[in-house]
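Peer 1: sequence below, structure please.
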Amino acid sequence: RFKELIAEEKFEEAAEIARAQVRNGAQVVDVCLANPDRDETADMRRFLTSVVNKVRVPLMIDSTDARVIEMALTYCQGKAIINSVNLEDGEERFERVVPLARKFGAALVVGCIDEVGMGVTRARKVEIAAREHDLLTRKYGVPPEDVYWDALVFPCATGDAQYVGSAVETIEGVRLLKQRFPGTRTVLGISNVSFGLPPAGREVLNSVFLYHCVQAGLDLAIVNTEKLERYPSIPAEERKLAEDLLWNRGGDPVAAFAAWFREKKGR
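Peer 2: Take a look at the predicted model:
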């Protein structure tokens, strides 16, 4: 809906979506205007002009374009967050974006990704983060409290062998990152974990996954506050189905989970 409103240049209405997220409990609003068919800089400027009059929470500027990030930070009230930097192309993105964070006093989402690829196992996440932490704190002078680790969330039900068990690796990766790098924070895009599942089941799995991530020390979660299932309200049987899927327990936890929610929809 947000994407459609931006395409129609209804920026005031698009800003109302941000206000609805805040009404439903969002403490930060992630703002992403990237669209290959549109001018991201112009869209970001027009949207921020509207949204800063409607919400009084920090903004997370979600862009891969350093010029868009710099412009957007001039609109942010208080402390902003930049989403994101990583080492996929070596230090190239660090060199372009980290100085902007220092200039504007913004925090940084730092992905566990390097030239080899994305960190799927907990060990790889920590290995990559150690190198990034050294660069950020020693070379660029970023305070640890301005580093928000993105331990990465992968779909657990697509059948892709490299991601089997990845949900647990992310949960434990969060735990290790918090232990290894005191003072830093952690953030995850929760809904990636349920990609490919029935819509009703996705909300349940997202909520159960979020619960276990928070128990491991997660500080921030990117979620849709208007659709998030509250963990205590989820029936015990559905919690178990979700946990079996996250931990890859049983003969075919993906099929069992999907079948339950397809049947539930039919009832």
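Peer 1: make it CA atoms for all contacts and neighbour counts henceforth
Peer 2: Fine.
Peer 1: so what's the residue most central in space within the chain up against?
Peer 2: The residue lying closest to the centre of the chain (CA atoms, centre = their mean) is Gly189, at 2.6 Å. Neighbouring residues of Gly189 by CA atoms under 8 Å, 6 or more residues apart in numbering: Leu152, Val153, Ala221, Ile222, Val223.
Peer 1: the second one reaches Leu188, doesn't it?
Peer 2: Yes: applying CA atoms under 8 Å as the test, Val153 and Leu188 come out as touching, 6.8 Å apart.
Peer 1: now, which of the contacts of Gly189 lie within strands?
Peer 2: Per DSSP state E, strands hold the following members of these: Ala221, Ile222.
Peer 1: with respect to Gln21, which of the contacts of Gly189 is nearest?
Peer 2: Val223 (9.4 Å; CA to CA).
Peer 1: distance of the closest one relative to Asn53?
Peer 2: Between Val223 and Asn53 the distance is 22 Å, computed by CA to CA, to the nearest Å.
Peer 1: who has more neighbours, the two?
Peer 2: Val223 (19 against 11; other CA atoms under 10 Å).
Peer 1: what's the closest non-adjacent residue to Ala34?
Peer 2: Computed as CA to CA, 6 or more residues apart in numbering, the closest residue to Ala34 that is not its neighbour in sequence is Glu40, at 5.6 Å.
Peer 1: how about that neighbour, what does it touch?
Peer 2: Per CA under 8 Å, 6+ apart, neighbours of Glu40: Leu33, Ala34, Val68.
Peer 1: now the buried members of those residues.
Peer 2: For the contacts of Glu40, a burial check counting by 16 or more other CA atoms under 10 Å picks out Leu33, Ala34, Val68.
Peer 1: let me see the contact set for the residue nearest to Val204 when sequence neighbours are not counted.
Peer 2: In space, and not counting its chain neighbours, Val204 is closest to Glu229: 6.2 Å by CA to CA, 6+ apart. Contacts for Glu229 (CA under 8 Å, 6+ apart) come out as Glu203, Val204, Ser207.
Peer 1: next step: those residues restricted to helices.
Peer 2: Per DSSP state H, helices hold the following members of the contacts of Glu229: Glu203, Val204, Ser207.
Peer 1: coming back round to it: ok, now how distant is the residue nearest to Ala34 from Ile61?
Peer 2: In terms of CA to CA, Glu40 sits 12 Å off from Ile61.
Peer 1: and for Ala7?
Peer 2: Distance of Ala7 to Ile61, computed by CA to CA: 19 Å.
Peer 1: which of those two has more neighbours?
Peer 2: Ile61 (25 against 14).
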